[in-house]
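[1] only geometry, no sequence info:
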């Protein structure tokens with residue numbers, strides 16, 4: 001009855017309408033190898049941080065009988081053998097390995113009992129120094145494994161060594177407390193007590209004397225942080241020390257004393273320091289998301305002079321890697337010339353970097369906790385991912401004789417592997433599962449550019465899955481054929497895809513493969529009708545004058561980039577203009593709106609038709625319109641109940657062969673242009689008011705209410721029925737008029753209205 005109510009109904013209906021962006025339906029999935037290929041799925045290739053595949057090393061396991069729980073350090077003993085520091089049983093193993101025939105042999109070299117041996121140092125004269133935890137023991141061995149001297153330092157753990165004074169001394173980095181101790185090797189050996197019985201080869205029993213100064217041990221420097229984690233010698237002769245758990249980098253003068261801090265962190269661990277030949281310093285820093293988990297082992301007992309350890313000591317990341325995933329991050333920081341401005345060159349989440357080595361222009365970073373092997377190209381200034389290990393961590397590496405290859409030590413399980421940079425090898429890479437977002441037919445795969453390889457020599461395969469499971473539901477590998485600059489296979493369909501790329505062994509050039517683009521066509525899903533509304537008749541739309549204007553395209557539309565807010569489409573602009581249009585009284589007008597939902601964002605054209613209840617002839621009121629509404633003159637249709645149908649057809653840019661056309665049977669339309677009948681009027685007067693009751697009936701429409709116009713100029717209306725519910729085609733309305741409103745009135749006019757906009761009137765005189 002009121003214009004505000006009708007406007008609310010119309011606007012509410014139009015607001016629910018769904019408009020979609022009419023764009024091409026062929027999609028492009030970018031394949032960025034740096035993001036989509038994991039370290040374990042590479043061999044003979046590496047991935048640069050710009051997404052490019054380049055020639056890289058292969059990692060192959062070496063069969064060995066390493067029957068230990070943990071392996072910490074790998075140090076070269078001579079031309080064909082290495083020493084391996086292990087725990088928690090305190091064994092030093094000797095590895096004999098021939099790269100030519102790839103034969104390895106493991107033997108026990110020394111046994112220190114129940115200890116973690118974190119670090120070994122092979123001196124220039126062939127002697128070996130070992131450091132342990134939790135007793136902070138330093139042991140000196142001859143080149144053949146004979147124990148020459150040992151001492152317990154006033155600390156819990158020994159983490160690193162640095163050969164000093166031309167081999168006459170050793171600097172020792174300790175934990176809890178964080179100290180650098182200097183051991184004079186000549187005094188160390190000279191003060192060693194008499195050897196034990198020959199049959200007792202255990203070095204767990206040490207000298208009864210624990211006066212370390214008498215053993216040639218002096219303080220070189222100390223830090224406030226708990227652990228001196230790693231040591232290095234700068235090109236200027238300074239001693240560099242990395243700490244934990246604060247993660248600071250300290251610089252000591254050659255005379256020791258108080259350090260200078262070059263790097264400072266809140267919670268971190270410096271796991272390695274690498275000094276380049278030009279004096280640049282590279283520092284590996286591990287940030288743990290759970291501070292109680294640190295690679296530094298704090299024991300439950302220590303030496304008499306060491307600080308009291310915490311009641312619940314933190315555990316080693318490497319020890320728990322098989323039970324929980326590392327959730328921290330790592331970075332490699334460069335300090336130009338050793339003391340320049342810190343520059344983060346590599347940063348990785350969920351990975352711990354343990355070591356730094358160099359191969360040509362490449363820095364190599366072994367780590368975990370999924371056996372990752374990373375790198376950095378110092379010439380191109382790009383981060384790299386290399387072939388990784390099936391073990392949880394790569395804890396150490398050592399260069400082999402030829403200079404192109406490295407020997408790797410891994411944990412969980414403990415094993416050995418060879419990192420091979422030689423070009424004569426088969427190279428392959430496999431992506432992780434790539435989500436296309438919807439089930440699609442796969443098209444061509446193209447690369448931005450190939451370098452150093454004939455495209456016809458590049459072997460590509462795809463496999464697909466309709467589900468997200470990493471192992472179940474995958475098809476077999478389907479080879480792709482090369483034609484017209486692209487790779488393609490027919491009849492491939494799925495929502496998840498994996499790509500495998502192989503380069504034959506005969507291809508020896510430095511291949512480079514840019515990021516790829518996989519074209520695919522999402523399968524066309526059927527649109528659905530979300531809502532259909534027949535608006536109150538006799539109101540129409542006065543469209544805004546600029547409803548058909550088109551603003552120039554944006555950069556996001558042209559480039560295909562996503563923006564924070566969705567780019568407005570033509571349909572959305574039309575919707576905005578429609579919602580801004582005025583609702584005006586328009587006798588005889590009928591407005592119908594609908595809402596179409598489509599998951600694929602198709603464009604639609606609509607046809608709307610009606611037919612009388614007892615007729616088979618459809619009367620088309622709108623044909624192939626791109627609007628979500630239709631407005632027509634209802635006065636041209638005879639009174640009656642009409643069935644309606646809405647035909648939605650997908651249109652361009654959807655290809656004609658793929659277009660859906662769906663017919664929806666929608667709400668009945670009532671054409672009623674006959675006013676209701678007033679069947680009875682009753683008037684009851686009292687001292688304070690006059691009550692008017694009006695009874696009426698309509699053959700087709702619901703009754704809406706009454707309007708009363710007094711001939712004294714007053715106007716009243718009512719939707720109040722006797723039973724309180726407005727729900728019938730026959731109703732009895734009541735209206736109470738205060739006596740003050742009747743002053744001067746001798747009669748009135750009653751109008752009875754139905755919801756089709758029709759009305760009937762009757763004049764009444766007061767008696």
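    That came in fine, so what should we check first? Keep in mind that this is a model prediction, so the values were computed, not measured.
[2] tell me the domain boundaries of this protein?
    Here the domain parsing of the chain from automatic domain parsing is 3-23+526-671, 27-51+428-522, 150-198+209-417, 677-765.
[3] Out of these, which one sits most buried?
    domain 150-198+209-417 (a mean of 19; mean count of other C-beta atoms under 10 Å). Using the backbone N, CA and C atoms, a C-beta is placed for each residue, glycine as well.
[4] thinking again about what came up before, lowest mean pLDDT across the domains of the chain, which one is that?
    The weakest mean pLDDT among the domains of the chain belongs to domain 3-23+526-671, with a mean of 77.
[5] follow-up on the earlier one: and the domains of the chain as CSV, adding distance to residue 58?
    Listed next are the domains of the chain as CSV, based on distance: least, C-beta to C-beta, whole Å:
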stretch, distance to residue 58
domain 3-23+526-671, 37
domain 27-51+428-522, 4
domain 150-198+209-417, 6
domain 677-765, 80
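[6] How about residue 751: what's its closest non-neighbour residue?
    residue 707 (4.3 Å; C-beta to C-beta, 6 or more residues apart in numbering).
[7] List the beta-bridge partners for residue 416.
    residue 62, residue 409 (DSSP bridges).
[8] quick one: contacts for it?
    For residue 416, the contacting residues are 61, 62, 64, 66, 95, 97, 104, 407, 408, 409, 410, by C-beta atoms under 8 Å, 6 or more residues apart in numbering.
[9] if we can go back for a sec, now the residue nearest to residue 751: which helix or strand?
    strand 703-710 (DSSP states H and E).
[10] State the next helix or strand along the chain beyond that strand.
    Remark: after strand 703-710, the chain's next helix or strand is strand 715-718, criterion DSSP H and E.
[11] what does that next one contact?
    Strand 715-718 has contacts (C-beta under 8 Å, 6+ apart) with 1, 705, 706, 707, 708, 709, 710, 733, 734, 735, 737, 741.
[12] can you pull the contacts of the nearest residue to residue 630 once chain neighbours are set aside?
    Spatially, and ignoring its direct neighbours in sequence, residue 630 is nearest to residue 622 (4.0 Å; C-beta to C-beta, 6+ apart). If a contact means C-beta under 8 Å, 6+ apart, then residue 622 has 606, 607, 608, 630, 632 as its contacts.
[13] Secondary structure and distance to residue 43 for those - can I get that in a markdown table?
    As requested, these are exported to a markdown table (DSSP: H, G, I helix; E, B strand; the rest coil; distance: C-beta to C-beta, whole Å):
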| residue | secondary structure | distance to residue 43 |
| --- | --- | --- |
| 606 | strand | 56 |
| 607 | strand | 59 |
| 608 | strand | 62 |
| 630 | strand | 63 |
| 632 | strand | 69 |
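[14] before we move on, back to that, what is the nearest of the contacts of strand 715-718 to residue 583?
    Residue 583 lies nearest to residue 1 out of the contacts of strand 715-718, by C-beta to C-beta, at 14.9 Å.
[15] show me where the stretch 501-650 of the chain has strands.
    Ranges of strands in the stretch 501-650 of the chain, per DSSP state E, counting those that start in this stretch, are 512-513, 516-522, 528-534, 539-542, 582-585, 589-597, 604-612, 619-625, 629-633, 640-650.
[16] With the stretch 201-350 of the chain instead?
    Counting by DSSP E, counting those that start in this stretch, one finds strands in the stretch 201-350 of the chain at the ranges 217-222, 227-233, 239-244, 249-253, 256-263, 269-275, 281-287, 329-335, 343-349.
[17] Could you export these to a markdown table, including columns for distance to residue 518?
    Putting those into a markdown table (distance: least, C-beta to C-beta, whole Å) gives the following:
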| stretch | distance to residue 518 |
| --- | --- |
| strand 217-222 | 57 |
| strand 227-233 | 44 |
| strand 239-244 | 44 |
| strand 249-253 | 44 |
| strand 256-263 | 43 |
| strand 269-275 | 38 |
| strand 281-287 | 35 |
| strand 329-335 | 30 |
| strand 343-349 | 26 |
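[18] my guess is residue 618 meets residue 646, correct?
    No. Judged on C-beta atoms under 8 Å, residue 618 makes no contact with residue 646 at a distance of 11.8 Å.
[19] for residue 524, phi and psi?
    phi -80, psi 120 (degrees, to the nearest 10).
[20] ok, it - contacts?
    With C-beta under 8 Å, 6+ apart, residue 524 has these contacts: 25, 600, 602, 650, 654, 658, 659, 660.
[21] how much space is there between it and residue 90?
    67 Å (C-beta to C-beta, to the nearest Å).
[22] And stretch 62-80, end to end?
    End-to-end distance of stretch 62-80 (C-alpha to C-alpha, to the nearest Å): 15 Å.
[23] which of the residues in that stretch are buried?
    By neighbour count on 16 or more other C-beta atoms under 10 Å, the buried set for stretch 62-80 is 62, 64, 66, 68, 70, 71, 72, 73, 74, 75, 76, 77.
[24] Go through the residues you listed and say which is closest to residue 417.
    Of all the buried residues of stretch 62-80, residue 62 has the smallest distance to residue 417: 5.8 Å, by C-beta to C-beta.
[25] returning to that earlier point: thinking the residue nearest to residue 751 is in contact with residue 750, fair?
    Yes. Under the criterion of C-beta under 8 Å, residue 707 makes contact with residue 750 at 7.4 Å.
[26] mind listing the helices for this protein?
    If DSSP state H is used as the criterion, the helices of the chain fall at 3-15, 33-36, 185-190, 317-320, 555-559, 570-579.
[27] Out of the buried residues of stretch 62-80, which one has the lowest pLDDT?
    residue 64 (88).
[28] That one is in contact with residue 417, isn't it?
    No. When contacts are counted by C-beta under 8 Å, residue 64 is not listed as touching residue 417 (9.8 Å).
[29] Need the distance between the two termini of stretch 115-128.
    Across stretch 115-128, the terminal residues are separated by 17 Å (C-alpha to C-alpha).
[30] picking that back up, want to throw the contacts of residue 524 into a markdown table with distance to residue 34?
    Listed next are the contacts of residue 524 as a markdown table, based on distance: C-beta to C-beta, whole Å:
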| residue | distance to residue 34 |
| --- | --- |
| 25 | 29 |
| 600 | 30 |
| 602 | 35 |
| 650 | 38 |
| 654 | 35 |
| 658 | 35 |
| 659 | 39 |
| 660 | 39 |
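[31] With respect to residue 233, which of these is nearest?
    Closest approach to residue 233 among the contacts of residue 524 (C-beta to C-beta): residue 25, at 62.8 Å.
[32] Residue 652 is in contact with that closest one, correct?
    No. With contacts counted by C-beta under 8 Å, residue 25 stays clear of residue 652, the gap being 10.1 Å.
[33] what's near enough to touch the spatially closest residue to residue 599 that is not a sequence neighbour?
    In this structure, residue 599 finds its nearest non-sequential neighbour in residue 525, 4.9 Å apart by C-beta to C-beta, 6+ apart. Residue 525 sits next to 438, 598, 599, 600 when contact means C-beta under 8 Å, 6+ apart.
[34] Quick check: the nearest residue to the second one once chain neighbours are set aside vs residue 604, distance?
    Nearest-residue entry for residue 598: residue 527, 4.0 Å, with adjacent residues in sequence omitted and distances by C-beta to C-beta, 6+ apart. Here the criterion is C-beta to C-beta. By it, residue 527 lies 7 Å from residue 604.
[35] likewise residue 104?
    For residue 104, the distance to residue 604 - C-beta to C-beta - is 69 Å.
[36] What of residue 435?
    Residue 435 sits 27 Å away from residue 604, going by C-beta to C-beta.
[37] Repeat that for residue 285.
    Separation of residue 285 from residue 604 (C-beta to C-beta) stands at 56 Å.
[38] ok now do residue 492, which residues does it touch?
    Going by C-beta under 8 Å, 6+ apart, the list of residues near residue 492 reads 441, 442, 462, 464, 478.
[39] ok, for the fourth one, nearest residue in space, not its chain neighbours?
    Think residue 464. Nearest non-adjacent residue to residue 464 (C-beta to C-beta, 6+ apart): residue 494, at 2.8 Å.
[40] Perfect, I'm done here.
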